[in-house]
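Q: Quick one, fold the following:
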Amino acid sequence: MKRLAVLVLCVFLLSACGEKKPASYELCGYGDMMVVNDKEYVKVSAEKKLTLQKKVGSIKEKIETKYHPVNNFTANTLAEGTPIYSVKDHKNYLIAQTKDNRYLLYEEIK
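A: Predicted structure coming up:
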């Protein structure tokens with residue numbers, strides 16, 4: 001019985017190997033994310049009093065929520081065109097301004 005279990009496990013592992021194209025995005029385990037200036041940011045639910053500094057750009061591509069964004073100015077929940085701002089005195093934060101004028105705080109993943 002043990003040999004059968006080992007054999008089934010080996011067949012399963014070998015069937016997973018092969019020449020497959022890698023996916024352009026991987027499944028996301030962080031939730032709301034974006035990539036800006038080659039850095040990954042995740043949405044923070046904490047409320048803080050912060051000051052917007054300057055606009056750093058806008059989201060260029062929205063991907064499905066279940067995926068992890070990898071390209072610059074890509075997000076998995078923010079709409080295309082969402083403006084992104086830097087935060088005064090906090091280089092690891094960015095703020096996204098939604099169409100309904102909500103401000104969402106994102107923190108860099110290190």
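
Q: Any idea which residue is closest to the centre of the protein?
A: Met33 (3.1 Å; CA atoms, centre = their mean).

Q: That residue is in contact with Val42, isn't it?
A: Yes: the pair Met33 / Val42 is scored as a contact, 5.3 Å apart, by CB atoms under 8 Å. (Glycine included, C-beta is placed from N, CA and C.)

Q: List the buried residues of stretch 73-92.
A: 73-78, 82, 84-87, 90 (16 or more other CB atoms under 10 Å).

Q: again, but for stretch 90-99
A: Quick answer for stretch 90-99 (16+ other CB under 10 Å): 90, 93-97.

Q: Over to stretch 103-110?
A: 104-107.

Q: contacting residues around that stretch?
A: Stretch 103-110 is contacted from outside by 30, 32, 34, 39-44, 46, 48, 50, 78, 92-98, using CB atoms under 8 Å, 6 or more residues apart in numbering.

Q: Could you pull up the contacting residues of Glu40?
A: 33-34, 69, 108-109.

Q: one step back: of the buried residues of stretch 73-92, which belong to strands?
A: 74-75, 84-87, 90 (DSSP state E).

Q: wait, which of these is closest to Ser58?
A: Ile84 (6.5 Å; CB to CB).

Q: mind listing what the closest one touches?
A: 34, 36, 55-59, 73, 94-96.

Q: Quick check: Leu52 vs Tyr67, distance?
A: 28 Å (CB to CB, to the nearest Å).

Q: let me fix that: Lys48
A: 28 Å.

Q: Please identify which of those two sits among more neighbours.
A: Tyr67 (16 against 9; other CB atoms under 10 Å).

Q: hang on, that one packs against Asn76?
A: Yes: Tyr67 lies in contact with Asn76 (CB under 8 Å); the separation is 5.8 Å.

Q: which residues does Met33 contact?
A: 40-43, 68-69, 75-77.
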